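Engineer: predicted coordinates and the sequence they were generated for:
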Amino acid sequence: MSPVSGISASLSSAGGVGGRSTLLGGGASALAGISTAAARLARSTEEVSSGRAIHKPSDDVVGTDKALELRRALAAEDRYARSGSDATAWLGTTDGALQQGIAVLQRVRALTVQAGSDANGPTARAALATEVRGLRDDVLSVANTTYLGRPVFGGTTGEPRAFTESGGVVTPATDTGTGSVVRGLAPGTSIRVDTSGAAAFGAGDDSVFAVLDRVATAMTTGSAESSAALADLDAALGRMTTALTDVGTRMSRVDSLRSRGEDRVLSLTSAKADVEEVDLAKSLMELSMHEKAYQAALGAAARTSTPTLLDFLR
């Protein structure tokens, strides 16, 4: 028997199988350590590169549930913000229309005072009456102001106009609607954005259109009648001014609610970032730590799996 064969046999009889098992077990343990370290390093790398702490629900079940809740709250605030923008535009359109209407009535009042002077003859009063009738048409145009195709003084009407004219008589549209146009601006809070045509322009014989018709007729009749028409004109002007004040009050409330909504969005966004986004400084530190652990695992595995002459002999 050769010397090598004798050594091999001797090692085998001395527990060569156990030696192989020890070597294989050490290698498997080293590989497991590398795998664990690599997984931690990969997660840290992904967190730093993406800036997100949660990539799938299993990463943080509680955090995922909270993040979804915050996202739902932010989606609701986004809807409130769009409603607030629409409310501001609608009320702004109404505000502009009422200011135009008031300016027209103030012009009519000045003409009425002028017509009340005895210095005006029939021709001058007829010219003033013609101008008033033209201004009446301007008021009708104001009363039919629309926003996105809907009359701002028509409530929930399906008609394209809030007022129609037939035979020289102005009346509300056939379908005046029975409700108000509202916009939700906060949880449990809604604001009316339309304005009642009757409240702003009156109704029946007290409507601004009927008043302007009487003013124009009074101008052609005589100075005394013109002066008497001033009371009705002032009442119409008062109604329109009251409507403008109401619109201004609602605009102020809308602005306040929108401002509070923006504050809520900032708060929710910050809370969402705390849940979903990583602390960069902390993540960089963990990345460095996991990178060193991975390198150490590789080094340990290299030393463990380095074969020796004895390993070959076994």
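Structural biologist: It's in.
Engineer: what are the ranges of the helices in the stretch 201-314 of the chain?
Structural biologist: When secondary structure is read from DSSP state H, counting those that start in this stretch, the stretch 201-314 of the chain shows helices at 208-221, 223-276, 280-304, 309-313.
Engineer: out of these, which gets the lowest mean score?
Structural biologist: Taking the mean pLDDT of each of those, the lowest value is held by helix 309-313, a mean of 54.
Engineer: for residue 198, see how far away residue 97 is.
Structural biologist: Distance of residue 97 to residue 198, computed by Cβ to Cβ, to the nearest Å: 15 Å. In this view, the C-beta of every residue, glycine as well, is placed from N, C-alpha and C.
Engineer: let me redo that: residue 236
Structural biologist: Taking Cβ to Cβ as the criterion, residue 236 is separated from residue 198 by 12 Å.
Engineer: residue 172 and residue 198 touch, don't they?
Structural biologist: Yes: applying Cβ atoms under 8 Å as the test, residue 172 and residue 198 come out as touching, 7.2 Å apart.
Engineer: do I have it right that residue 214 meets residue 231?
Structural biologist: No: at 10.8 Å, residue 214 and residue 231 do not qualify as touching, with contact defined as Cβ under 8 Å.
Engineer: who has more neighbours out of the two?
Structural biologist: Under the criterion of other Cβ atoms under 10 Å, the comparison of residue 214 against residue 231 puts residue 214 first, with 17 against 9.
Engineer: name the nearest residue to that one, sequence neighbours excluded.
Structural biologist: Ranked by Cβ to Cβ, 6 or more residues apart in numbering and with sequence neighbours excluded, the top spatial neighbour of residue 214 is residue 229, at 5.6 Å.
Engineer: contact partners for that neighbour?
Structural biologist: If a contact means Cβ atoms under 8 Å, 6 or more residues apart in numbering, then residue 229 has 112, 211, 214-215, 218 as its contacts.
Engineer: again, only using 10 Å
Structural biologist: Contact partners of residue 229, counting by Cβ atoms under 10 Å, 6 or more residues apart in numbering, are 108-109, 112, 115-116, 132, 211-212, 214-219, 221.
Engineer: likewise residue 179?
Structural biologist: Residue 179 makes contact with 155-157, 192, 194 under the criterion Cβ under 10 Å, 6+ apart.
Engineer: those residues in helices, which ones?
Structural biologist: Under the assignment DSSP state H, the contacts of residue 179 contribute nothing to helices.
Engineer: just the buried members of those?
Structural biologist: Among these, those classed as buried by 16 or more other Cβ atoms under 10 Å are 155, 157, 192, 194.
Engineer: any idea which of the residues you listed the model trusts least?
Structural biologist: Comparing pLDDT over those, the lowest reading goes to residue 157, 84.
Engineer: right, and it touches residue 180 too?
Structural biologist: No: Residue 157 is not in contact with residue 180 according to Cβ atoms under 10 Å; the separation is 11.4 Å.
Engineer: shared neighbours of the two, anything?
Structural biologist: Overlap of the contact sets of residue 157 and residue 180 (by Cβ under 10 Å, 6+ apart) consists of residue 194.
Engineer: ok so, going back, make a markdown table out of the buried ones among the contacts of residue 179 and add distance to residue 126.
Structural biologist: Formatted as a markdown table, the buried ones among the contacts of residue 179 follow (distance: Cβ to Cβ, whole Å):
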| residue | distance to residue 126 |
| --- | --- |
| 155 | 38 |
| 157 | 37 |
| 192 | 43 |
| 194 | 39 |
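Engineer: which of the residues you listed fall within strands?
Structural biologist: Judged by DSSP state E, those include residue 192 as members of strands.
Engineer: farthest-apart pair in the buried ones among the contacts of residue 179, please.
Structural biologist: With distances taken as Cβ to Cβ, the most widely separated pair in those is 157 and 192, at 14.8 Å.
Engineer: pick out whichever of residue 97 and residue 198 has more residues nearby.
Structural biologist: For the pair residue 97 and residue 198, the greater number of neighbours falls to residue 97 (25 against 17), based on other Cβ under 10 Å.
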